[in-house]
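Undergrad: 3D, please:
(one chain, ligands or ions: 1)
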Amino acid sequence: METPTSFRGQRIVGGNVALDLLNTQNGAAGAEPEDDVLTDYRDVLAWASHVGVITAAEERRLRRRAREEPANADAAFQRARETRAYLYDIFDAVAQGKAPARAELQRLQRDEAEALTHGRLVADDGQYRWSWADDRDLGRPLWSIIHAALTLVTDGPIDRVKGCASCRFMFVDESKNRSRRWCSMDDCGTEDKMHKYVARRSAARASRVARSG
Ligand SMILES: [Zn+2]
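TA: This next block holds a predicted model:
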């Protein structure tokens, strides 16, 4: 379900951190992004910490390392943006009921293979899961995102990935009857209802004018 938390005004509504990463750019549905919440590597760390991909201690550690290695930090930032772009293409296709491009799935496959070399299996409540808590690499936030994206593709619920009817945000529709249309009822949902109301009123006025004329 939706959480009320937001990062620098961006609502966190994806229901999956991979989709939350896509939602760091605003704009209308089907249009090019209008802005970007992530402007440098420090933003990536702040965002990743906010959505729970890394801990506050990891954020501090990675910030220190980024200060020491600015060129590497910039490369990690560029990679985060490129990853966001191809993941957007994959999930945008999925949300439209289309097959993602083969090359982009292969890229995800390669990235996952790299991510797993940085992670390790840890015991978790009788099972095991991947953890990157020990990884010192500047790509650390990205490994978790890539793994979340790959798991969404392989384990689902990929059939519940949707794009907002109004903006370019994507989310996992967890509603019982799969009826969620908007990223957020408070933003796009209200806006959409307002547009329909205005359209209905002007249509009604037009038909009154037509009748009286
Ligand atoms: Zn929206």
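Undergrad: going forward, measure contacts and count neighbours with C-alpha atoms only.
TA: Will do.
Undergrad: quick one: average pLDDT of stretch 119-133?
TA: pLDDT averaged over stretch 119-133 equals 96, rounded to a whole number.
Undergrad: now stretch 79-97
TA: Mean pLDDT, computed over stretch 79-97, is 97.
Undergrad: which residues touch the helix or strand of the chain with the lowest mean pLDDT?
TA: For the chain, using mean pLDDT, DSSP states H and E, the weakest element among its helices and strands is helix 190-212, scoring a mean of 74. Under the contact criterion C-alpha atoms under 8 Å, 6 or more residues apart in numbering, helix 190-212 has outside partners Ser166.
Undergrad: cutoff 10 Å now
TA: Contact with helix 190-212 is made by 165-166, 182, 184-185, 188, 213, as judged by C-alpha atoms under 10 Å, 6 or more residues apart in numbering.
Undergrad: now swap in stretch 53-73 and tell me
TA: Applying C-alpha under 10 Å, 6+ apart, the contact partners of stretch 53-73 are 17, 40-42, 44-50, 74, 76-79, 132-145.
Undergrad: Narrow the residues you listed to those that are buried.
TA: Among the contacts of stretch 53-73, the ones that count as buried by 16 or more other C-alpha atoms under 10 Å are 17, 41-42, 44-50, 74, 76-77, 132-133, 135, 137-145.
Undergrad: Tell me which residues touch Tyr128, please.
TA: Each residue near Tyr128 by C-alpha under 10 Å, 6+ apart is listed here: 120-122.
Undergrad: how about a cut-off of 8 Å?
TA: Contacts for Tyr128 were tallied using C-alpha under 8 Å, 6+ apart; they are 121-122.
Undergrad: Only the buried residues of the longest helix anywhere in the chain, if you could.
TA: When the chain is parsed with DSSP state H, its longest helix is helix 70-95. Using 16+ other C-alpha under 10 Å as the test for burial, helix 70-95 gives 72-74, 76-77, 80-81, 83-84, 86-95.
Undergrad: Quick check: Pro100 vs Thr24, distance?
TA: Pro100 sits 21 Å away from Thr24, going by C-alpha to C-alpha, to the nearest Å.
Undergrad: Output those of the contacts of helix 190-212 also counted as contacts of the ion.
TA: When C-alpha under 5 Å from the ion is applied, the members of the contacts of helix 190-212 adjacent to the ion are 166, 188.
Undergrad: From the contacts of helix 190-212, list the buried ones, please.
TA: 165-166, 182, 184, 188.
Undergrad: ok, which residues in the protein are in contact with the ion?
TA: Taking C-alpha under 5 Å from the ion as the criterion, the neighbours of the ion within the chain are 164, 166-167, 183, 188.
Undergrad: returning to that earlier point: chain center to the longest helix of the chain, what's the gap?
TA: Computed by C-alpha atoms, centre = their mean, to the nearest Å, the chain-centroid distance of helix 70-95 equals 11 Å.
Undergrad: Going along the chain, name the strands of the chain.
TA: Listed in chain order, the strands found in the chain under DSSP state E are 6-7, 10-11, 120-124, 127-131, 161-163, 170-172.
Undergrad: Let me know which of the ones you listed is tucked in deepest.
TA: Between these, the one whose residues have the most neighbours on average, counting mean count of other C-alpha atoms under 10 Å, is strand 170-172 (a mean of 28).
Undergrad: Given that strand, what are its sheet partners and their directions?
TA: The sheet places strand 170-172 alongside strand 161-163 (antiparallel), with pairing taken from DSSP bridges.
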